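Enquirer: output the structure for:
(one chain, ligands or ions: 1)
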Amino acid sequence: MTTSAIESILWDDWHVVAELARLTRFRRFVTTLLGVCVTLELDPTGTVSARRGDGTIAAAEIKYGFVWICLGTSRRGIVEFAECLEPDRLLATAGSVRVAVSGLRAVENFLDLSHLAFVHAGYLGEEPHTEIKQYTVRPLAEGGIIATGCKVYQPKASPIATEGYDVDYIYAVLRPYIVVLYKANPVELTRKDMIALFVQPVSEESCVAHAFTCYLKHGIDPAAVRSFQQFIFGQDRPILENQVPKRLPLGVGTEIPVRADGSSAAYRRWLSDAGIRFGAIPVT
Ligand SMILES: [Fe+2]
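Expert: Have a look, this model is predicted:
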């Protein structure tokens, strides 16, 4: 696929390409987005610039502790999270992990409630609590999907959880490669911690998953958040890399439907309707 053929919904959007801390340390960082080699540089005033392999400049911004770039013509801003403006939150980047699979697979896996009791046993789920209770999935007006009313029993739902409880979940896919999870805080059950996955589509069959957390502060420290998220994602990574094919099939019935729960099916349908091809196997 040539870069000019990449669909506008991806090409003209903002994507995370690095943690700011990494760029601050090295000043210069080379990475790939949507098959395009990009060189990032941070000047002494703290301004970031992005240059494509052909020498042309791409738009770059810093937000949520990450460097974001837009390779095409920006049609809308970087995703906004109202929670990040609340003063009693700890905003933290939680690691960037390279995964040899389509980034769409990484998003779908993040949405998949059915894997928690098996892949993250003892933390985000455990047997015999494997039944997925009914929840609601609906489209978002601005594109994407939202799943509400999800409930999962979790032995250790967050870095500060000391006992298991039924956790209320909300998932939202805001952009094809951006997914966010809201889960009830173990101290303030009526408020929710937020964890986002900003997936950088490197090629159609590889990605970097950048995790961002916005926890209520109650005893949380950034190093604990980071190691918890990296530990959890370390359990997902081999599962993701073993998925065949590496791109996400969008057609109904192309994979065994047991794996694909309601939000996964809705995600694939929305990607198909939105005309997503990069990282996908479109419906033929
Ligand atoms: Fe997982």
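Enquirer: any weak-confidence spans in this protein?
Expert: Applying pLDDT under 70 to the chain flags the ranges 1-4, 252-260.
Enquirer: determine the longest helix present in it.
Expert: helix 222-241 (DSSP state H).
Enquirer: what residues does it touch?
Expert: Residues outside helix 222-241 that contact it (CB atoms under 8 Å, 6 or more residues apart in numbering) are 90, 92-95, 97, 99-101, 105-106, 109, 115, 119-120, 123-124, 158-160, 195, 209, 211, 213, 215. Where you see a C-beta, it was placed from the backbone N, CA and C, and this is true even at glycine.
Enquirer: direction included, what does the helix or strand following it pair up with?
Expert: The first helix or strand that comes after helix 222-241 along the chain, using DSSP states H and E, is strand 248-249. According to DSSP bridges, strand 248-249 forms sheet pairs with strand 280-281 (parallel).
Enquirer: where do the strands sit along the stretch 151-284 of the chain?
Expert: For the stretch 151-284 of the chain, applying DSSP state E, counting those that start in this stretch gives strands covering 165-175, 178-184, 192-203, 206-216, 248-249, 280-281.
Enquirer: now render those as TSV, adding mean neighbour count.
Expert: Below are the strands of the stretch 151-284 of the chain laid out as TSV (neighbours: other CB atoms under 10 Å):
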stretch	mean neighbour count
strand 165-175	19
strand 178-184	22
strand 192-203	23
strand 206-216	23
strand 248-249	22
strand 280-281	20
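Enquirer: closest to residue 39 out of the ones you listed?
Expert: strand 192-203 (14.8 Å; CB to CB).
Enquirer: now do the closest one against strand 206-216, angle only.
Expert: Regarding strand 192-203 and strand 206-216, their directions subtend 170 degrees when assessed with axes from the mean of the first three to the mean of the last three CA atoms, to 10 degrees.
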